[in-house]
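# here's a sequence, model it:
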Amino acid sequence: MTISTTRTTDPWSIAPAEVGSPEALALLRDYYLDVANRYYRLRLGRDGTPEEIESGLADAPSDDLAGPTGRFLLGRHDGAPQACAGLRAIGDRTVELTRVFVRHAVRGTGGGTRLLAAVDEAARALGAERIVLDTRLDLVEARALYARHGYREIPAYSNGPYAQIWYGKDLDRAAAEAR
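Numbering: from 1, shown residues only. Coordinates of the predicted model:
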């Protein structure tokens, strides 16, 4: 007799969360540590110092990822908070995607795909027709994830110190292509 060990339920759940909650703040800190240390290793050959990390966190608040013009999504894998993404309105019918992060221990389990599907829904709920984002060239995994989910390179819309490449996605077009 063979017993199936195939999981029949999705281990991921994505839901809106308060950006200032302890779970959200822990994920945002892990996100920042990940992207900041990658930057420091690439540019300076070392991790960021505690002072550099704290300064960077202070300079990049996430308060605008709350209603009524923003959303913060928290992803749980088997009930534990493991992923996040934020949206902020930046214009008429356009939102910016930011703070996309999946903890390393659960990467490759479908969390990024589930997170971006929830981002599309949240953007529509905010009245958006378009999602844009900026990122760094060295974040190749994130760039590949965006490309797999319909984001295309667009002209620069921002000039932040870490913005090196910009992507956009038209939600109406993405929905039509999915049908």
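# give me the buried positions along stretch 92-110.
T94, V95, E96, L97, T98, R99, V100, F101, V102, R103, V106, T109 (16 or more other CB atoms under 10 Å). Using the backbone N, CA and C atoms, a C-beta is placed for each residue, glycine as well.
# tell me how many other residues surround A125.
Applying other CB atoms under 10 Å, we find 11 other residues in the vicinity of A125.
# what residues are up against it?
The contact partners of A125, taken as CB atoms under 8 Å, 6 or more residues apart in numbering, are R71.
# the strands in this structure, which residues?
12-16, 70-77, 80-91, 94-102, 130-135, 152-153, 165-170 (DSSP state E).
# quick check: longest helix of the protein.
Assignment by DSSP state H gives helix 22-44 as the longest helix of the chain.
# for that helix, what is the average pLDDT?
Here helix 22-44 scores 95 as its mean pLDDT.
# list the helices and strands that helix packs on?
helix 50-59, strand 70-77, strand 80-91, strand 94-102 (3 or more CB pairs under 8 Å, 6 or more residues apart in numbering; DSSP states H and E).
# buried ones in that helix?
A24, L27, L28, D30, Y31, Y32, L33, V35, A36, Y39, Y40.
# got it, and stretch 153-166?
W166.
# what's the answer for stretch 67-75, then?
Under 16+ other CB under 10 Å, the buried positions of stretch 67-75 are G70, R71, F72, L73, L74, G75.
# from those, pick the one nearest A123.
R71 (8.0 Å; CB to CB).
# partners of that closest one in the sheet?
L87 (DSSP bridges).
# cool, and E96?
Under the criterion used (DSSP bridges), E96 bridges to R88, V132.
# in stretch 126-138, what's buried?
Buried residues in stretch 126-138 (16+ other CB under 10 Å): L126, A128, R130, I131, V132, L133, D134, T135, R136, D138.
# hang on, I meant stretch 80-93
P81, Q82, A83, C84, A85, G86, L87, R88, A89, I90.
# may I have that stretch as CSV, with CA atoms only?
Only the C-alpha atoms of stretch 80-93 are listed here, as CSV (Å, rounded to 0.1, in the frame of the first residue of the first chain):
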residue,chain,number,x,y,z
ALA,A,80,4.4,31.9,10.3
PRO,A,81,5.1,35.4,8.9
GLN,A,82,7.6,34.9,6.1
ALA,A,83,6.9,37.5,3.4
CYS,A,84,5.7,41.1,2.8
ALA,A,85,4.9,43.7,0.1
GLY,A,86,3.7,47.3,0.2
LEU,A,87,1.8,49.5,-2.1
ARG,A,88,1.5,53.3,-2.0
ALA,A,89,-0.5,55.6,-4.3
ILE,A,90,1.8,57.8,-6.3
GLY,A,91,-0.6,59.3,-8.8
ASP,A,92,-4.0,59.0,-10.5
ARG,A,93,-4.7,55.3,-10.9
